[in-house]
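[1] Have a look at this fold, sequence not included:
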């Protein structure tokens, strides 16, 4: 177990260095620069040169990368080229709003997906299963931005029941009720897609186990259907579900970029889009490295969970 | 007069298929099993042995099959007319089954102890401690050394023979009246097979249990069973005591099977076979289902299916021997 973890840690480091290298050079290869949105600066080449010197953007790329890496090891993600503030500060400001949105969406998605997935597998081939399958297909196929706009159009514009944007009403004291009202539409959008996705995985996972001989054995023992389901079927069908859920965890951090954009949510997603468009190199780098680290960590977590669910899996 | 433990009457089991008519895996099969008796069910793959076995527990629906008609009478009660809850009380308790492949018939993520104790706790109200001890005792009697320790093992940590001992312990946990052994030793090597058969015989000696022993291996059937039923294409072709079936087989199919199994170990000789192959259940021949492979085929065999007729000889206990062949039936 220990040697397994050490091996994985070394792999993680290699992945992170690789990701940062690729991101760094890709960003610099991309056309444009941090001032392309700033006409005043564009008119003034001398100012640009001065600014580049100040931010050390005039040095060779490999030197820039090296100093970025050294700073990162000290816990310094650099300073945003656009906001002129430490990247880490920008992240910690936006992360809570995003976590509120994505975390709630994940919970809501699982809350619906687990029972519906089980139901649809247990009632395979029935009318109910066909309806659930139809809706999951819709859920998977609807693009988030489009569903978001439709919901805004109906519930915010026409019916005026729910707010269309932002995290809370400006100028009013923050209240729980107000937050909930703002959460509903974006959470519906985000959880529809992922719930549909999870339902399909849960259903497939259960169906694979239901046909196994040991399930017939369990029934031949005279166990109740509920015992067969919860003790014998579910635990064996958890592995694919653990995989998809843990692979979606890193996106709790980046937020749903498109959905946040559509709902003007003051979170990470919208900021990442803006940072990329305005070539804010340090911000984009920081986000990519953090997400890469989260992906690797969540994978590791999934692997450890496999061993918990299935005693046949052992790591050495 | 004593009652049979199990009576199967006119059992017909079907599977939906892409053909216009459902495939009949078992067609009007009737037989009885008496207390303390070991009845063998022998036949090639696809002859309907396992379907018959699963039908007795009314578990066929979980294999996408359906009992079309017939009665399964266990100790006087037709289980097909019982509500599911009542049948559940019989399964694992009064009627237990051992499947062919011990690895796939054990749940890979639960330890052995849990899998045995859950049968006990489902059917009787005893404490955890007691059912645990009972399970340890079962394993020990089944010949598992270090039974206490093995209780915590997972199936993949045990050898094939040990797994089958676990499966048998599970089946015997509630001292069932009827044990259905569906090819219990087919997946095991020969030495382990002998040990398992020995153990099953020892269990039978107590005389409280009856057994339906399903196998394609005539040698094993000959060793284990009091009576034999030969199945082919979902029908019973011949029944009789083991002695009769082996000494004076009547049906050409039974004769061919026995001939083949006798000559199987003659060195230097080509492996004997029953010529031809098992018919496709969705496209059965007219008349006797065995006629395309039968050396004694006559005109009538191609035209009409012979009935299962008593051969006239009854054995000591008064149970009839039957054969389904035009050679023994007046037309």
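    Yep, it's here. Please read all numbers here as calculations on a predicted model, not as lab measurements.
[2] CA only for contacts and neighbour counts going forward, please
    Fine.
[3] Show me where the chain dips below the pLDDT cut-off.
    Looking at chain A here, since you left the chain open. A:36-37 (pLDDT under 70).
[4] not quite, I wanted chain B
    B:1, B:312-319, B:330-331.
[5] Relative to chain B, how far out is the residue sitting nearest the centre point of chain A?
    Ranked by distance to the mean C-alpha position of chain A (CA atoms, centre = their mean), the top residue is residue A:251 at 0.9 Å. From residue A:251 over to chain B the distance is 31 Å, taken as CA to the nearest CA, to the nearest Å.
[6] residue contacts, that residue?
    Residues in contact with residue A:251 (CA atoms under 8 Å, 6 or more residues apart in numbering or on different chains) are A:102, A:291.
[7] so how far is residue B:184 from it?
    The gap separating residue A:251 from residue B:184 is 51 Å, by CA to CA, to the nearest Å.
[8] Tell me how many other residues crowd the residue of the stretch 151-300 of chain B found nearest chain A.
    Proximity of the stretch 151-300 of chain B to chain A (CA to the nearest CA) peaks at residue B:156, 6.9 Å away. Counted by other CA atoms under 10 Å in any protein chain shown, the residues lying close to residue B:156 total 17.
[9] So it sits against residue A:313, correct?
    No - contact criterion CA atoms under 8 Å: residue B:156 and residue A:313 do not qualify, at 10.5 Å.
[10] need the residues of the stretch 151-300 of chain B near chain A, please.
    B:154, B:156, B:171 (CA under 8 Å from any CA of the partner chain).
[11] Give the buried residues for stretch A:115-126.
    When burial is assessed from 16 or more other CA atoms under 10 Å in any protein chain shown, stretch A:115-126 yields the following buried residues: A:116, A:117, A:118, A:119, A:120, A:121, A:122.
[12] and the residues you listed, which two are the farthest apart?
    For the buried residues of stretch A:115-126, the maximum inter-member distance is 9.8 Å, found between A:116 and A:122 (CA to CA).
[13] which SSE is residue A:76 in?
    Following DSSP states H and E, one finds residue A:76 outside all helices and strands.
[14] go on, residue A:288?
    Here residue A:288 is assigned to helix A:281-309, by DSSP H and E.
[15] packing partners for that helix?
    If you count contacts as 3 or more CA pairs under 8 Å, 6 or more residues apart in numbering or on different chains; DSSP states H and E, helix A:281-309 packs onto helix A:2-29, helix A:87-122, helix A:238-248, helix A:251-254, helix A:268-277.
[16] Also compute the angle for it relative to helix A:87-122, please.
    Going by axes from the mean of the first three to the mean of the last three CA atoms, to 10 degrees, helix A:281-309 is angled at 40 degrees with respect to helix A:87-122.
[17] Close to chain B: what parts of the stretch 151-300 of chain A are there?
    Within the stretch 151-300 of chain A, the residues that sit near chain B (CA under 8 Å from any CA) are A:211-217, A:219-224, A:232, A:235-236.
[18] quick one: which of those residues has the most company?
    residue A:221 (30 neighbours).
[19] just checking, it touches residue B:94?
    No - applying CA under 8 Å as the test, residue A:221 and residue B:94 come out as separate, 10.0 Å apart.
[20] rewinding a little: point out the most buried one among the helices and strands packed on helix A:281-309.
    For these, the largest average neighbour count (mean count of other CA atoms under 10 Å in any protein chain shown) is found in helix A:251-254, namely a mean of 22.
[21] which is the next helix or strand following it?
    Counting by DSSP H and E, what follows helix A:251-254 is helix A:257-262.
[22] So which other helices or strands are in contact with that following helix?
    Applying 3+ CA pairs under 8 Å, 6+ apart, we find helix A:257-262 packed against helix A:144-151, helix A:176-210, helix A:268-277.
[23] Run the chain-centre distance for that helix.
    For helix A:257-262, the gap between its own C-alpha mean and the chain's C-alpha mean amounts to 12 Å (CA atoms, centre = their mean, to the nearest Å).
[24] Need the contact partners of it.
    Under the contact criterion CA under 8 Å, 6+ apart, helix A:257-262 has outside partners A:144-145, A:148-149, A:165, A:186, A:189-190, A:266-270, A:272-273.
[25] For residue A:1, the count of nearby residues, please.
    Around residue A:1 there are 9 residues (other CA under 10 Å).
[26] which residues are there in the stretch 1-150 of chain B that come within reach of chain A?
    Residues of the stretch 1-150 of chain B lying close to chain A by CA under 8 Å from any CA are B:57, B:59, B:62-63, B:87-93, B:96-97, B:99, B:104-109, B:119, B:122.
[27] Now do stretch B:185-197: everything it contacts.
    Stretch B:185-197 is contacted from outside by B:100, B:101, B:102, B:160, B:161, B:165, B:215, B:224, using CA under 8 Å, 6+ apart.
[28] The second one - nearest residue in space that isn't next to it in sequence?
    Counting by CA to CA, 6 or more residues apart in numbering or on different chains, residue B:187 is the residue found nearest to residue B:101 once chain neighbours are left out, at 5.9 Å.
[29] now do the third one
    Beyond its immediate neighbours in the sequence, the residue positioned closest to residue B:102 (CA to CA, 6+ apart) is residue B:164, lying 5.1 Å away.
[30] Could I get the contacting residues of the residue of the stretch 151-300 of chain B closest to chain A?
    Going by CA under 8 Å, 6+ apart, residue B:156 touches A:312, B:103, B:108.
[31] quick one: which of the residues you listed is nearest residue B:129?
    Closest to residue B:129, out of all of those and judged by CA to CA, is residue B:108, at 23.3 Å.
[32] Spit out the contact partners of that closest one.
    Going by CA under 8 Å, 6+ apart, the list of residues near residue B:108 reads A:310, A:311, A:312, B:154, B:155, B:156.
[33] Next one: it relative to residue A:61, how far apart?
    Applying CA to CA, the value for residue B:108 to residue A:61 is 54 Å.
[34] next one: residue B:24
    According to CA to CA, residue B:24 and residue A:61 sit 76 Å apart.
[35] Looking at the two, which one has more neighbours?
    residue B:24 (22 against 12).
[36] can I assume the more buried one sits in a helix?
    No - checked against DSSP: H, G, I helix; E, B strand; the rest coil, residue B:24 lies outside a helix; its state is strand.
[37] Tell me which stretches of chain B form strands.
    Using DSSP state E, the strands of chain B run over B:6-15, B:23-33, B:38-42, B:65-74, B:77-78, B:95-98, B:178-182, B:210-215, B:227-232, B:235-241, B:309-314, B:320-323.
[38] Can you list the neighbours in contact with the longest one?
    Residues outside strand B:23-33 that contact it (CA under 8 Å, 6+ apart) are B:4-17, B:39, B:46-48, B:51-52, B:70, B:210-212, B:233-236, B:281-282.
[39] which residues does residue A:283 contact?
    Residue A:283 touches A:77, A:78, A:79, A:80, A:87, A:272, A:275, counting by CA under 8 Å, 6+ apart.
[40] er, residue A:197 actually
    Residues near residue A:197 by CA under 8 Å, 6+ apart: A:136, A:139, A:140.
[41] wait, doesn't the first one sit right on residue A:199?
    Yes - checked against CA under 8 Å, the pair residue A:136 and residue A:199 is within contact range at 7.1 Å.
[42] who's more crowded, those two?
    Neighbour totals were compared for residue A:136 and residue A:199, and residue A:199 leads with 27 against 24 (other CA under 10 Å).
[43] Could you find the closest non-adjacent residue to the more buried one?
    residue A:117 (4.4 Å).
[44] Now do the one you found against residue A:134, distance only.
    Distance, residue A:117 to residue A:134, using CA to CA: 13 Å.
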